[in-house]
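>>> just coords:
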């Protein structure tokens, strides 16, 4: 993060919108994350200072809810299911193929932050196994080659 400057002025309209709403911590954090793609430390410090909400409370909310991210993520979030049905139908080969094709380790982002690869342990669609979700697009009964081809078409 050291090579990127965070424009904290982008938070002012959000804080203005919620300034009269007591207990609006989650919507403020959601909107801030929408702006940056994650919640940088600088943004949390700014929010705490401007709202009077203790930084410890903000971190408590951010670390409790899985929807919030403290680390920069790729523009495209790739989730590959490795639950039982997906695992036995080839999910590990999909993970391996995507990892090799994009120099991307599970749980991390590639060097230019185009992709973030996450392993999920059930997407609730076992009939479509193996399954992957890229952004909000579902790819059922997929394999590494098909998923890689889909990912390469993303901007």
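Everything's here; your move. Computed from a prediction, not measured in an experiment: that's the story for all the values here. Numbering: from 1, shown residues only.

>>> give me every residue that touches residue 130.
By C-beta atoms under 8 Å, 6 or more residues apart in numbering, the contact list for residue 130 reads 80, 81, 85, 86, 87, 89, 90, 91, 94, 141, 142, 143. Glycine gets a C-beta too; all of them are placed from N, C-alpha and C.

>>> Likewise for residue 53?
By C-beta under 8 Å, 6+ apart, the residues touching residue 53 are 25, 47.

>>> tell me the SS of it?
coil (DSSP: H, G, I helix; E, B strand; the rest coil).

>>> quick check, residue 116 in a strand?
Yes - according to three-state DSSP, residue 116 belongs to a strand.

>>> Quick check: the gap between the most far-flung residue of the chain relative to its centre and residue 51.
Largest separation from the mean C-alpha position in the chain: residue 20, at 29.2 Å (C-alpha atoms, centre = their mean). From residue 20 across to residue 51, the span is 12 Å (C-beta to C-beta, to the nearest Å).

>>> Can you tell me how far residue 138 is from residue 131?
Residue 138 is 7 Å from residue 131, by C-beta to C-beta.

>>> So which of those two has more stuff around it?
residue 131 (26 against 13; other C-beta atoms under 10 Å).

>>> The more buried one contacts residue 125, correct?
Yes - taking contacts as C-beta atoms under 8 Å, residue 131 lies within contact range of residue 125: 5.3 Å.

>>> who touches both of the two?
Between them, residue 131 and residue 125 share the contacting residues 81, 138, 140, judged by C-beta under 8 Å, 6+ apart.

>>> Mind checking which of these are in strands?
81, 138 (DSSP state E).

>>> export the shared contacts of residue 131 and residue 125 to a markdown table and tack on distance to residue 13?
As requested, the shared contacts of residue 131 and residue 125 are exported to a markdown table (distance: C-beta to C-beta, whole Å):
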| residue | distance to residue 13 |
| --- | --- |
| 81 | 37 |
| 138 | 33 |
| 140 | 39 |
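
>>> will you turn the shared contacts of residue 131 and residue 125 into TSV that also has pLDDT and distance to residue 42?
What follows is the shared contacts of residue 131 and residue 125, written out as TSV (pLDDT from 0 to 100; distance: C-beta to C-beta, whole Å):
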residue	pLDDT	distance to residue 42
81	97	34
138	97	35
140	97	40
